[in-house]
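Engineer: Got a predicted model here, sequence first, then my questions.
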Amino acid sequence: MADLPVMLGPRRTWSLAPRAPVSPQLADAAHSLGIPERLLHVLLTRGCDTPEALRSFLGDPVRALHDPALLPDAAAFRDRLVLARSRGERIMVYGDFDADGLTALALMVLALRAFGLEVEPYVPTRLADGHGLSIPAVERALEAGCGVIVTVDCGTSSTDEVATASERGIDVLVTDHHHVPDRAPGAAALVNPHRADASYPDSRLTGAGVAFKLAQLLLAGEPPTRDAWLDLADLAAIGTVADVAPLVGENRGIVRLGLDRIHTSPRPGIAALLAAAGLPRERLDADAISFAVAPRLNAAGRVGDVTLAARLLLATDAAEAEGLAARLEEANRTRRDLTASAVAEARDVVGDPGEAPAVVVAGEWPVGLIGLIAGRLSDTLRRPAVVFSTVVDPWRGSARAPTGTLDLAAAFAACQRHFLRFGGHPEAAGCDLLPGAFDRFRSDFISQAASAPRRPAVADLVVDVALPAADVDYGLLGELARLEPVGVGNLAPVVAVLGATVTRVRAASNGHCQMTVSKGREVLDVIAFGRGDLVASVGQGDRVDIVARLATRRFGGFESLQLELVDIATAGLWQPAAVPERHEPGTAGPPAPAQHPALVAAPEIAS
């Protein structure tokens, strides 16, 4: 008796995104925007279920922007700066040392200068200033003769520092997007869409996003160029993506505007940064910002001259920008090396966390690296992580949590009796710890994590489009490209490629696997990151279903379609609903095996 063929099962549960009915009005709007039916169903699953939502998502990105006057204290913010302009007052712009705060600082500096104000940028250091407005900055503002401090991406929790500035005769205008504590600062304006009394339509803005909206508030209608604020969208886009904000609603509009600015006419600092990183500007996307641009901007505040990134973003001379970008590139290489050793040390300190709902560790790590360490621990251990640096007094802490688990802003607020100061948002937070409070904080924080809902270790894999391998082509790639920019809240589309025949399998470096599969007379390249096991479990001639992200590959001057594998199974194990039948020429296709329990078809959504 012949051996039965070995079935390759999936690692995750596959399900086809539900299909909702399309109203005549929605169909008309889709037709006017040139949206094919296949793409329309993908857009429906992403909340584009009205004609206006479709136009906002795919039409002119300016349509996605809201009236900045709706931001809380927007009028007070503008009025105080109009007064400063009439008085000839100097303004300090106080930023933050991460990519969101740095781009917000550059954006606000440029906007205020365009508004006719004399501006002094202040980039805080992690050691001397820490998170939020600092007393050294207030002292510097006094020395420089500044009558106003504008904070960007911080300040909401700086109650004492704002009070000190007010007592010294300086008005503070806080612009921020972080959690608003019960005791908010008594600032001359507190522009934060998360205020309890805010009625702004979209609270998901980042620090750079809030700064961009305030630039719009100040500059829209101002001579000589009424749309000068739009030229600042590149900085807002980088800050938005770097801060891992959802790329939906107004954030999507901002990032689309910013990427277009970078593709066509990048400012000198950004052009130099991209050139130093080897990134062609015309192909820059949100993914490249996340993994290449943001880390380089962050590097200066972690291991080098903290002002380096801000000076680069504000540079107007190409030669100066090229030199700054080279220094930033070197700082990033140093940051990578230091981070690798620090993460290894921290992992040894953690040991086996078992079923602990969170990890809290302290060690002699540089303050500039603790956020990265916390992020790596959170990613690998799939739970919240807080890392303290003991090389400063008070101890400085940084926290990260996987999406959808513990709300760090709320957890830190519940633990605030242990802090000198703190701030953050749901997935990232920071603090200065009171002396001797480490053990008490760790106990309270782990209790907070224990009471939070736990996510499944592996989420279901939702397929946007399922189709026979023969139908995968550049037309499909072009349709799905209209979903860009993709990221949090608007994930890269996932395609189920059904009935592909494996023609080649080989091991690649770093535990990856490369395959070639046929789709009739043509082939597709497949890259399977971290799936070196497939070299032994998949062979030439196997028919498989592949769930993947569709991309292009350039090599030797040629371009080809490539599947970035997410999961794989023996062909026919999954039986999705409503997929057109299509077989390779000359074949009838194999009989469908029994349904695998990890593969489910799509439900229909009733109207």
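Structural biologist: It's in.

Engineer: Grab the nearest non-local neighbour of the residue nearest in space to the middle of the chain.
Structural biologist: By C-alpha atoms, centre = their mean, the chain has its centre lying nearest to V244, at 2.2 Å. Of all residues not flanking V244 in the chain, V488 sits nearest, at 5.5 Å (C-beta to C-beta, 6 or more residues apart in numbering). Any C-beta I mention is one placed from the backbone N, CA and C, and that applies to glycine too.

Engineer: you'd agree the one you found is up against V241?
Structural biologist: No. Using C-beta atoms under 8 Å, V488 and V241 do not qualify as a contacting pair, with a distance of 9.0 Å.

Engineer: Next, show the common contact partners of the two.
Structural biologist: Common contact partners of V488 and V241 (C-beta atoms under 8 Å, 6 or more residues apart in numbering): L247.

Engineer: the more surrounded of these two?
Structural biologist: Neighbour totals were compared for V488 and V241, and V241 leads with 31 against 18 (other C-beta atoms under 10 Å).

Engineer: The more buried one and L247 touch, don't they?
Structural biologist: Yes. If you go by C-beta under 8 Å, V241 and L247 touch, sitting 7.4 Å apart.

Engineer: Could you check stretch 204-217 and say which residues are buried?
Structural biologist: 204-217 (16 or more other C-beta atoms under 10 Å).

Engineer: any residues in contact with both of V241 and L247?
Structural biologist: By C-beta under 8 Å, 6+ apart, the residues touching both V241 and L247 are 255, 286, 485, 487.

Engineer: what's the most distant pair in those residues?
Structural biologist: With distances taken as C-beta to C-beta, the most widely separated pair in the shared contacts of V241 and L247 is V255 and G487, at 8.3 Å.

Engineer: what residues do those two have in common as contacts?
Structural biologist: The contact lists of V255 and G487 share 241, 247, 286, where a contact means C-beta under 8 Å, 6+ apart.

Engineer: Just put those residues in CSV and tack on secondary structure and distance to V148.
Structural biologist: Compiled in CSV, these are given as follows (DSSP: H, G, I helix; E, B strand; the rest coil; distance: C-beta to C-beta, whole Å):
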residue, secondary structure, distance to V148
V241, helix, 30
L247, coil, 33
A286, helix, 34
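
Engineer: Tell me the one among the residues you listed nearest to A452.
Structural biologist: Nearest to A452, judged by C-beta to C-beta, of the shared contacts of V255 and G487 is L247 at 25.0 Å.

Engineer: any idea how far the closest one lies from H177?
Structural biologist: 15 Å (C-beta to C-beta, to the nearest Å).

Engineer: repeat for A551
Structural biologist: To H177, A551 is 32 Å away according to C-beta to C-beta.

Engineer: Comparing the two, which shows the higher neighbour count?
Structural biologist: H177 (27 against 16).

Engineer: Tell me where this protein is predicted with low confidence.
Structural biologist: Across the chain, the ranges flagged by pLDDT under 70 are 1-6, 224-226, 454-459, 577-607.

Engineer: In it, where's the longest helix?
Structural biologist: Longest helix in the chain by number of residues, with DSSP state H as the criterion: helix 318-350.

Engineer: That helix: which residues count as buried?
Structural biologist: If you call a residue buried by 16+ other C-beta under 10 Å, then helix 318-350 has these buried ones: 321-322, 324-325, 327-329, 331-332, 335, 338-339, 342-343, 346-347, 350.

Engineer: what packs against the helix or strand following it?
Structural biologist: Using DSSP states H and E, the helix or strand that follows helix 318-350 in sequence is strand 359-363. With contacts taken as 3 or more C-beta pairs under 8 Å, 6 or more residues apart in numbering; DSSP states H and E, strand 359-363 sits against helix 318-350, helix 370-381, strand 385-389, helix 438-450.

Engineer: would a markdown table of these with distance to H425 be doable?
Structural biologist: Compiled in a markdown table, the helices and strands packed on strand 359-363 are given as follows (distance: least, C-beta to C-beta, whole Å):
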| stretch | distance to H425 |
| --- | --- |
| helix 318-350 | 22 |
| helix 370-381 | 13 |
| strand 385-389 | 15 |
| helix 438-450 | 16 |
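
Engineer: Mind checking these for the one nearest to L54?
Structural biologist: Distance to L54, taken as C-beta to C-beta, is lowest for helix 370-381 among the helices and strands packed on strand 359-363, at 34.7 Å.

Engineer: now what about the closest one, what contacts it?
Structural biologist: Residues outside helix 370-381 that contact it (C-beta under 8 Å, 6+ apart) are 98, 302, 335, 339, 342-343, 346-347, 350, 353, 359, 361, 365, 384-389, 396-402, 428, 430.

Engineer: So for E52, which of the helices and strands packed on strand 359-363 sits nearest?
Structural biologist: Going by C-beta to C-beta, the one of the helices and strands packed on strand 359-363 nearest E52 is helix 370-381, 37.1 Å.

Engineer: Which positions within the closest one qualify as buried?
Structural biologist: For helix 370-381, a neighbour-count test (16+ other C-beta under 10 Å) marks 370-378, 381 as buried.

Engineer: same question, stretch 468-478
Structural biologist: With burial defined by 16+ other C-beta under 10 Å, the residues of stretch 468-478 counted as buried are 468-472, 476.

Engineer: repeat for stretch 167-174
Structural biologist: 170-174.

Engineer: of these, closest to E559?
Structural biologist: Of all those, E559 sits closest to V174, with 48.3 Å by C-beta to C-beta.

Engineer: Please name the nearest non-neighbouring residue to that closest one.
Structural biologist: V174 sits nearest to G155 (C-beta to C-beta, 6+ apart), 3.7 Å away.

Engineer: One more: R311?
Structural biologist: What sits nearest to R311 in space, not counting adjacent residues and going by C-beta to C-beta, 6+ apart, is L324, at 5.8 Å.

Engineer: so how far is L173 from the one you found?
Structural biologist: L324 is 29 Å from L173, where distance means C-beta to C-beta.

Engineer: ok now do P124, which residues does it touch?
Structural biologist: With contact set as C-beta under 8 Å, 6+ apart, P124 has these partners: 94-97, 130, 134, 137, 306.
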